[in-house]
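Enquirer: based on what follows, work out the 3D shape:
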Amino acid sequence: MTLIAVLGGGQLGRMLAVAGHSLGFRFRFLDPDPWACAGQIGELVVGGYDDPTALRRLIDGAAAVTYEFENVPARAAAWLESNGPAAGVPLSPSSRSLEVAQDRLLEKQFFQEHQIGVQAFADLSRPEDVAIAADTVGFPAMLKSRRFGYDGKGQCRVDSALEIDPAWQSMGRPPCILEAFVPFEREVSIVAVRGRDGAIRCWPVTRNVHRKGILWRSDVVAEDDAIIRAAQRAIDRVMTGLGHVGVLAIEFFVRDGSLIANEMAPRVHNSGHWTMNGAATCQFENHLRAITGLPLGAVEALGPATMFNLIGGRPDLEELLGVPGARVHLYGKEPRAGRKLGHVNLLNAEPSTIARVEAICARTNAA
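Expert: Numbers count the residues shown, from 1 in each chain. So this is what the prediction gives:
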């Protein structure tokens with residue numbers, strides 16, 4: 001059986017394995033957590049991401065190595081790109097995709113270089129940057145750490161120049177970026193896959209709702225043609241510019257009929273989880289096809305789809321499974337405030353059914 005090596009043992013790695021088992025793949029994960037949930041369905045190497053001994057064990061006998069989150073240490077990616085090819089184990093996506101996605105400043109600059117709209121922004125790495133950033137960006141604004149922020153972490157709103165320094169101090173003064181606050185009409189994202197041959201396929205654009213910085217709901221609904229075309233052009237430019245192989249997602253704000261790029265993720269993405277039940281080929285299978293050089297699968301939606309995240313508390317599984325058409329995906333993780341424990345997919349559902357599932361998920365998330 002073909003072995004796939006994965007940096008990270010969280011739920012995204014777990015779902016890669018679920019999709020890959022039907023293709024005859026087996027999986028080995030590297031994670032410092034001995035209880036990482038992907039270890040329930042694949043081999044788990046417990047060790048640091050930049051530990052050469054652990055990395056050698058990870059790729060031993062593998063056909064390809066990938067990652068399930070973008071905060072992989074740069075040293076680990078560099079080691080894999082230096083040592084993996086000699087063992088016939090290419091890293092996909094490459095370290096270039098990681099480098100850009102890990103740093104909000106580099107990410108915004110990359111978007112600009114590829115003619116993708118962004119809000120006003122400025123670097124905030126030194127005390128003398130405060131005044132310049134305030135003048136460049138204006139207010140209200142969002143102060144965000146350049147690295148290691150996700151699900152609303154590492155960021156806060158500031159409404160005047162006087163608030164910047166105290167907010168920055170409360171974060172520990174890491175290198176930051178100040179971004180203009182965008183009064184958006186809605187949030188959307190696009191998920192796409194690029195093969196080794198450069199072929200790109202895009203799943204339908206989704207409309208997303210976040211709560212407390214965490215994705216709560218994604219809907220595949222009819223979207224404006226202009227928005228769809230703009231999102232497809234943007235992700236094509238990004239993936240081609242990076243030489244990316246695998247799945248990548250970009251999140252946007254929609255304002256006055258235009259897209260403003262918020263951030264990208266060089267991996268399978270939460271807003272693409274609906275594809276597990278609502279698309280001809282799910283994002284996880286297509287990522288595996290791409291990194292192993294197999295033909296990409298079709299990405300058409302099978303109908304209107306909705307996904308809700310299960311966050312923090314244990315869901316009432318009996319109640320959820322009692323809803324016709326509800327497809328529940330649990331990650332085997334212990335409850336914890338703000339932690340993604342699973343998600344629910346609906347396809348071709350009536351509004352009343354969607355509302356029923358939303359109510360159940362809302363109770364779970366409040367637990």
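Enquirer: torsion angles phi and psi at the nearest residue to residue 41 once chain neighbours are set aside?
Expert: Sequence neighbours aside, residue 17 is the residue nearest to residue 41 in space, at 5.1 Å (criterion: Cβ to Cβ, 6 or more residues apart in numbering). Placement of C-beta: from N, CA and C, glycine included. With angles defined as degrees, to the nearest 10, residue 17 sits at phi -70, psi -40.
Enquirer: dump the C-alpha coordinates for the helix ranked longest in the chain into CSV.
Expert: Ranked by number of residues, the top helix in the chain under DSSP state H is helix 225-242. Extracted in CSV, the C-alpha atoms of helix 225-242 (Å, rounded to 0.1, in the frame of the first residue of the first chain):
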residue,chain,number,x,y,z
ASP,A,225,-20.9,35.6,-11.4
ALA,A,226,-18.5,38.5,-11.0
ILE,A,227,-17.6,37.3,-7.5
ILE,A,228,-17.0,33.8,-8.7
ARG,A,229,-14.8,34.8,-11.7
ALA,A,230,-12.8,37.2,-9.4
ALA,A,231,-12.2,34.5,-6.8
GLN,A,232,-11.2,32.0,-9.5
ARG,A,233,-8.7,34.4,-11.1
ALA,A,234,-7.3,35.2,-7.7
ILE,A,235,-6.7,31.6,-6.6
ASP,A,236,-5.3,30.8,-10.1
ARG,A,237,-2.7,33.6,-9.7
VAL,A,238,-1.8,32.5,-6.2
MET,A,239,-1.4,28.8,-6.9
THR,A,240,0.5,29.4,-10.2
GLY,A,241,2.7,32.1,-8.6
LEU,A,242,3.6,29.7,-5.8
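Enquirer: that helix: which residues count as buried?
Expert: Buried residues in helix 225-242, counted by 16 or more other Cβ atoms under 10 Å: 227-228, 230-231, 234-239, 241-242.
Enquirer: right, and the helix or strand after that helix?
Expert: Following helix 225-242 in sequence order, the next helix or strand is strand 246-255 (DSSP states H and E).
Enquirer: quick one: average pLDDT of that next one?
Expert: Averaged across strand 246-255, the pLDDT comes to 98.
Enquirer: again with stretch 110-117
Expert: 98.
Enquirer: buried sites along it?
Expert: Neighbour-count burial for stretch 110-117, counted by 16+ other Cβ under 10 Å, picks out 110-111, 114, 116.
Enquirer: contact partners for residue 226?
Expert: residue 257 (Cβ atoms under 8 Å, 6 or more residues apart in numbering).
Enquirer: what's the distance between the residue nearest to residue 112 when sequence neighbours are not counted and residue 350?
Expert: Nearest non-adjacent residue to residue 112, counting by Cβ to Cβ, 6+ apart: residue 118, 6.1 Å away. Applying Cβ to Cβ, to the nearest Å, the value for residue 118 to residue 350 is 38 Å.
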